[in-house]
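**Q** return atomic coordinates for the entry below.
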Amino acid sequence: MGNEEGTGLDARIESYTEPRHHRFGPFLLTTVRSNSTRLILAWLPAIFWIGIIMLESTPYLGADHTGSWLAAIVRPLFGTSALKYVDFVNHIMRKTGHFTGYGILSFLLYRGWRELTLIQLEERLKPAMRTPEFLKSMRRVWCARASALAILSTFLVASLDEFHQTFVPNRTGMFRDVILDTTGALFFQALILTFSARPPKSGRQSDTKIKQVSAGRTLPVSSQS
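**A** A predicted model of the protein is given here:
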């Protein structure tokens, strides 16, 4: 087993021993982003999305407000007889928003945790391996640690959001919404795993295991080459 793991990694090492450069018109890019820049770029979308969730948690986006907005759209289009369905449609839309919104959050959190994990891994790589091509290929690898942390982080954000809503006059904090949010996170992580496990267009796929240095244990991943 150990020989198989080493073979896959050694093959990548041999493929990326020589650093390469990218040319864009007259510009030749030879620099690599610093770790701090990489972390900022990886975590900024997640922070932005959490801000949107906080905005959605205000009184202005409560069920009473969204219901009245929906009714204002339904009445001229379908008549007053259709207003009896507004509450049901409003409920479905809000719950769908929970599922989808927190699923997207889990994806963005996954990107952040994955980048942090990669940086920790790169610290144990030989300098010759730290090329843009090799690092880009590593981002196509599914990371179990990042996925688990993304789900846990999503659960934490959802719990804090519902707790906050218990103090908002026209909002109600419910633990079942936390479960719904976490289910959305699990679904999106399953999508990430599914698309990461798909073979590339060439039809070749290899599985390997990368040692997670900071955790002191083997981190199972499914990689594409």
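**Q** got the phi and psi for T58?
**A** Dihedral pair for T58: phi -80, psi 170, per degrees, to the nearest 10.
**Q** and if you look at T172?
**A** According to degrees, to the nearest 10, T172 has phi -130, psi 120.
**Q** in contact with it, which residues?
**A** 165-166 (Cβ atoms under 8 Å, 6 or more residues apart in numbering). C-beta here means a position set from N, CA and C on the backbone, and glycine is covered the same way.
**Q** please apply the same query to F48.
**A** Taking Cβ under 8 Å, 6+ apart, we find F48 in contact with no residue.
**Q** next one: the most centrally placed residue in the chain from F163, what distance?
**A** Centroid-nearest residue in the chain: F107, 1.6 Å away (criterion: Cα atoms, centre = their mean). Distance, F107 to F163, using Cβ to Cβ, to the nearest Å: 23 Å.
**Q** what's the answer for I151, then?
**A** 19 Å.
**Q** which one of these two is surrounded by more residues?
**A** Each of I151 and F163 has its neighbours counted (other Cβ atoms under 10 Å); I151 has more, 18 against 12.
**Q** am I right that that one falls within a helix?
**A** Yes - per DSSP: H, G, I helix; E, B strand; the rest coil, I151 lies within a helix segment.
**Q** just the element for the nearest residue to it once chain neighbours are set aside, please.
**A** Nearest residue to I151, sequence neighbours excluded (Cβ to Cβ, 6 or more residues apart in numbering): A185, at 5.0 Å. Using DSSP states H and E, A185 maps to helix 175-197.
**Q** export that helix to CSV, keeping only CA atoms.
**A** What follows is helix 175-197, C-alpha atoms only, in CSV (Å, rounded to 0.1, in the frame of the first residue of the first chain):
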residue,chain,number,x,y,z
PHE,A,175,-33.4,24.4,15.4
ARG,A,176,-35.1,22.6,12.5
ASP,A,177,-33.8,25.4,10.3
VAL,A,178,-30.3,24.6,11.5
ILE,A,179,-30.8,21.0,10.5
LEU,A,180,-32.1,22.2,7.1
ASP,A,181,-29.1,24.4,6.6
THR,A,182,-26.7,21.6,7.5
THR,A,183,-28.5,19.3,5.1
GLY,A,184,-27.8,21.8,2.4
ALA,A,185,-24.2,21.9,3.4
LEU,A,186,-24.0,18.1,3.2
PHE,A,187,-25.6,18.0,-0.2
PHE,A,188,-23.2,20.6,-1.6
GLN,A,189,-20.2,18.7,-0.2
ALA,A,190,-21.5,15.6,-1.8
LEU,A,191,-21.6,17.5,-5.1
ILE,A,192,-18.0,18.6,-4.6
LEU,A,193,-16.9,15.0,-3.9
THR,A,194,-18.8,13.7,-6.9
PHE,A,195,-17.3,16.3,-9.4
SER,A,196,-13.8,15.8,-7.8
ALA,A,197,-14.1,12.1,-8.4
